[in-house]
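A.B. asks: build me a model:
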Amino acid sequence: MDVHQTDFSKGNVYRNILEVAVPMTLAQLLNLLYNIVDRIYIGRIPHVGTTALTGVGICFPVITLITAFTYLFGNGGSPLCSMERGRGNKKEAECLMGNTFSMLILTGAILMLLGYLFYRPVLYAFGASDITYPYARDYIQIYLLGTLFVMITLGMNPFINSQGFGNMGMLTILIGAVLNIILDPLFIFVFHMGVKGAATATVLSQMCSALWVLKFLTGKRAVLHLKKDAMRLKWARVRNIMSLGISGFMMAFTNSLVQIFCNATLQTWGGDLYVGIMTVLNSIREITTTPVNGLTSGASPVMSFNYGEKAYQRVKKAIGFVTGLCVTYTLAIWGILKLFPEFFIRIFNNQPELIAKGVPALHIYFFGFCFMALQFAGQSVFVALGKARYATFFSIFRKVIIVVPLTVLLPNVGNLGVDGVFWAEPVSNLIGGCACFLTMLLTILPELNKTAKTK
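C.D. replies: Presented below is the predicted three-dimensional model:
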């Protein structure tokens, strides 16, 4: 098999970004299928689809929290790995990859243990009712078995992409996603396992993706290899990885936090129906933001490598290119969602009451969606260039300082009620997105303008 590798130091910057970003975006869209396909099939289980979908939605904060730790190490280690490769320091690059792997395995084992010990009180705290809890329990009990597979797949795949093997990174996710699509209806409907079947299909699919990642990173085709002696932990190295990865961790962790507060508040103001609506809206948001996330993630190793080489003009071109594409895309998506809201809701559930209440909620939730692009663009630049403090602050700022308080307070303002929960998102996109992007321009561009090694 011919394996294409992108050389980040040569050629057109825009082409370099797209060569990594396009397969990475496809990979992330495919990764979504693990959970999205589950939701689509679960929502169509006869007689209990809506309740089962709501129950699985209660598990999202737990799943997101597990994912957050893959960002802490994978998204922290891979940019540092790219920088060291740009400096020609292969040994340190491999040590960064090895230390990342060790931390992923250690953390995954701890998370799985804690999950089994505390899932019952956690699920009730996250918005489960006595009706939806059995479905949430059945799903999470099996999903937790695949914790290590998730950690390896999502945490180590960035090291394939950071070496320029975008197509191989996409294949990692494609293997699991296709398998999940095949196994889901088999376990759910043919074997009549319901929610347990969806979780079982997901775990088996994640296992196959994890095995593929390990096979590639220990094989001959990789530039940097996962070696046993590189896995020996060194605190200074782990600290650097976590310092840079904390921003990605906080973005995912605060997403989990927001989901918890949204579910709990909606349970109070609207009951299980509105928790189900939020499950659908979160699913739509994941689908629509994935191309933006894929583009910024694809640009990250290109910016990191050129920043390591001090090719600052190429970094500036990358920033402008990514920002323009992200804003254009999110404007288009906002328009599509405005015109065809029912289409996106019906992907997950056809219940008339959910659609009737869900359409106005969708219009509110996605209002001003284009401002989210500014958050993604600014955040990705901070991470790619190793500006950990800024990246971490803006991860916390939008979600913890803006969204969580508004989610709790807005339902009490006037007669907003449940609408107040949905308004918290667009307000945070406007304030948080603009603040993050403007700060990036004011702090990063002066540094890049000081010197110019162009290629």
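
A.B. asks: elements contacting the strand or helix carrying Ser395?
C.D. replies: Following DSSP states H and E, one finds Ser395 within helix 388-396. The criterion is 3 or more CB pairs under 8 Å, 6 or more residues apart in numbering; DSSP states H and E, and the helices and strands that helix 388-396 contacts are helix 235-269, helix 371-384, helix 418-450. To be clear about C-beta, it is placed using only N, CA and C from the backbone, and glycine gets the same treatment.

A.B. asks: distance between the second one and the chain's centre?
C.D. replies: Using CA atoms, centre = their mean, to the nearest Å, the distance from the centre of helix 371-384 to the centre of the chain it belongs to is 14 Å.

A.B. asks: what do you get for the last one?
C.D. replies: Helix 418-450 has its average C-alpha position 18 Å from the chain's average C-alpha position, going by CA atoms, centre = their mean.

A.B. asks: let's number from 47 now, not from 1
C.D. replies: Sounds good: first residue 47 from here, last item helix 464-496.

A.B. asks: mind listing what Tyr320 touches?
C.D. replies: Applying CB atoms under 8 Å, 6 or more residues apart in numbering, we find Tyr320 in contact with 312-313, 403, 407, 464, 467.

A.B. asks: where in this protein is pLDDT low?
C.D. replies: In the predicted model, the chain carries pLDDT under 70 at residues 47-57, 73-74, 77-81, 497-501.

A.B. asks: in it, which spans are strands?
C.D. replies: For the chain, none of the segments meets the definition of strands by DSSP state E.

A.B. asks: got the buried residues for the helix holding Ser441?
C.D. replies: Along helix 434-442, these residues count as buried under the neighbour rule (16 or more other CB atoms under 10 Å): 434, 436-442.

A.B. asks: grab the most central residue of this protein for me.
C.D. replies: Taking CA atoms, centre = their mean as the criterion, Ala298 is the residue nearest the geometric centre of the chain, at 6.7 Å.

A.B. asks: ok, that residue - contacts?
C.D. replies: 110-111, 113-114, 117.

A.B. asks: just the residues you listed now: which is nearest Val249?
C.D. replies: Closest to Val249 out of those is Thr113 (14.9 Å), distances taken as CB to CB.

A.B. asks: burial count for the closest one?
C.D. replies: Thr113 has 21 neighbours, counted by other CB atoms under 10 Å.

A.B. asks: not counting sequence-adjacent ones, nearest residue to it?
C.D. replies: Leaving aside its sequence neighbours, Thr113 sits nearest to Ala298 (CB to CB, 6 or more residues apart in numbering; 5.4 Å).

A.B. asks: from Ile112, how far off is the one you found?
C.D. replies: The gap separating Ala298 from Ile112 is 9 Å, by CB to CB, to the nearest Å.

A.B. asks: list the residues that contact the residue nearest to Lys274 when sequence neighbours are not counted.
C.D. replies: What sits nearest to Lys274 in space, not counting adjacent residues and going by CB to CB, 6+ apart, is Gly144, at 7.9 Å. Going by CB under 8 Å, 6+ apart, Gly144 touches 272-278.

A.B. asks: which two among those are spaced furthest apart?
C.D. replies: In these, the most distant members under the criterion CB to CB are Leu272 and Arg278, with 12.8 Å between them.

A.B. asks: so between these two, which is more surrounded?
C.D. replies: Each of Leu272 and Arg278 has its neighbours counted (other CB under 10 Å); Leu272 has more, 20 against 12.

A.B. asks: mind listing what the more buried one touches?
C.D. replies: Each residue near Leu272 by CB under 8 Å, 6+ apart is listed here: 140, 143-144, 147, 202, 260, 263-264.

A.B. asks: show me the contacts for Leu270.
C.D. replies: Leu270 makes contact with 127, 131, 136, 139-140, 143, 205, 209, 263, according to CB under 8 Å, 6+ apart.

A.B. asks: from Asn145, how far off is it?
C.D. replies: To Asn145, Leu270 is 13 Å away according to CB to CB.

A.B. asks: what does Thr369 give?
C.D. replies: With distances defined as CB to CB, the gap from Thr369 to Asn145 amounts to 32 Å.

A.B. asks: list the residues that contact Leu190.
C.D. replies: 158, 161-162, 165.

A.B. asks: would you list those residues in JSON lines and tack on neighbour count and distance to Val361?
C.D. replies: Converted to JSON lines, the contacts of Leu190 look like this (neighbours: other CB atoms under 10 Å; distance: CB to CB, whole Å):
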{"residue": "Met158", "neighbour count": "18", "distance to Val361": "39"}
{"residue": "Gly161", "neighbour count": "19", "distance to Val361": "40"}
{"residue": "Tyr162", "neighbour count": "13", "distance to Val361": "45"}
{"residue": "Tyr165", "neighbour count": "19", "distance to Val361": "44"}
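
A.B. asks: near the residue nearest to Leu250 when sequence neighbours are not counted, how many residues? Count them for me, please.
C.D. replies: Leaving out its chain neighbours, the residue that sits closest to Leu250 by CB to CB, 6+ apart is Leu229, at 6.2 Å. Using other CB under 10 Å, Leu229 is surrounded by 20 other residues.

A.B. asks: isn't Leu229 right up against Ala244?
C.D. replies: No. If you go by CB atoms under 8 Å, Leu229 and Ala244 don't touch, sitting 9.2 Å apart.

A.B. asks: narrow the contacts of Leu272 to those that are buried.
C.D. replies: In the contacts of Leu272, burial by neighbour count holds for 140, 143-144, 147, 202, 263, counting by 16+ other CB under 10 Å.

A.B. asks: nearest to Thr100 among the residues you listed?
C.D. replies: Using CB to CB as the measure, the one of the buried ones among the contacts of Leu272 that approaches Thr100 most closely is Met202, at 33.1 Å.

A.B. asks: and the gap between the closest residue to that closest one other than its chain neighbours and Arg267?
C.D. replies: Distances taken as CB to CB, 6+ apart put Val259 closest to Met202, at 4.9 Å, once the chain neighbours are dropped. Separation of Val259 from Arg267 (CB to CB) stands at 13 Å.

A.B. asks: which one of those two has more residues nearby?
C.D. replies: Set side by side, Val259 and Arg267 show more neighbours around Val259, with 26 against 15, by other CB under 10 Å.

A.B. asks: now do the contacts for the more buried one.
C.D. replies: Taking CB under 8 Å, 6+ apart, one finds 198-199, 202-203, 206, 218 in contact with Val259.

A.B. asks: if you set the cut-off to 6 Å instead, what comes out?
C.D. replies: Shown in contact with Val259 (CB atoms under 6 Å, 6 or more residues apart in numbering): 198-199, 202-203, 218.

A.B. asks: among the residues you listed, which are in helices?
C.D. replies: Residues from the contacts of Val259 lying in helices, with DSSP state H as the criterion: 198-199, 202-203, 218.

A.B. asks: could you flag which of those residues are buried?
C.D. replies: For the ones in helices among the contacts of Val259, a neighbour count by 16+ other CB under 10 Å gives the buried set as 198-199, 202-203, 218.
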